[in-house]
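*Asks:* Okay, sequence plus prediction incoming.
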Amino acid sequence: MAEPDRILRLNAVLDLTGLSRSTLYRKVADGSFPRQVQLSTRCVGWRTYAIAEWQRNPIFYRVDEAG
């Protein structure tokens, strides 16, 4: 059975990836890291499957224009 997709908050993503906060947001802006999901007005998170996809090939990862 497949593990359900979860939402990870910023600190969990930073721990998993080893990126700094500024590097993570720079990569989101240039499309080389998955986009965050808006959870509420001041709360965002990242989907675990998107982070796992990035971890498989971080150098060549690009965000789809549609997604």
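*Replies:* Arrived safely, thanks for sending. Residues are numbered from 1 along each chain as shown.

*Asks:* which residues does Val37 contact?
*Replies:* 7, 44-47 (CB atoms under 8 Å, 6 or more residues apart in numbering). The C-beta positions use only the backbone N, C-alpha and C, and glycine is treated the same way.

*Asks:* Can you give me the buried ones in stretch 10-29?
*Replies:* Buried residues in stretch 10-29, counted by 16 or more other CB atoms under 10 Å: 13, 17, 19, 24, 27-28.

*Asks:* How about the residue positioned nearest the centre of the chain, nearest residue that isn't a chain neighbour?
*Replies:* In the chain, the centroid-proximal residue (CA atoms, centre = their mean) is Pro34; its distance is 4.1 Å. Spatial nearest neighbour of Pro34, excluding adjacent residues (CB to CB, 6 or more residues apart in numbering): Ala50 at 3.5 Å.

*Asks:* what about the one you found, neighbour count?
*Replies:* When neighbours are defined as other CB atoms under 10 Å, Ala50 has 20 of them.

*Asks:* That one contacts Val28, correct?
*Replies:* No - using CB atoms under 8 Å, Ala50 is not in contact with Val28; the gap is 10.9 Å.

*Asks:* Would you mind listing the residues touching both of these two?
*Replies:* If you check Ala50 and Val28 against CB under 8 Å, 6+ apart, the residues they both contact are 34-35.

*Asks:* ok so, going back, just the ones of the contacts of Val37 in strands?
*Replies:* 7, 44-47 (DSSP state E).

*Asks:* hmm, back to that, going through the contacts of Val37, which ones are buried?
*Replies:* By 16+ other CB under 10 Å, the contacts of Val37 give 45-47 as buried.

*Asks:* mind putting those in JSON lines, distance to Trp54 included?
*Replies:* Below are the buried ones among the contacts of Val37 laid out as JSON lines (distance: CB to CB, whole Å):
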{"residue": "Gly45", "distance to Trp54": "15"}
{"residue": "Trp46", "distance to Trp54": "9"}
{"residue": "Arg47", "distance to Trp54": "11"}
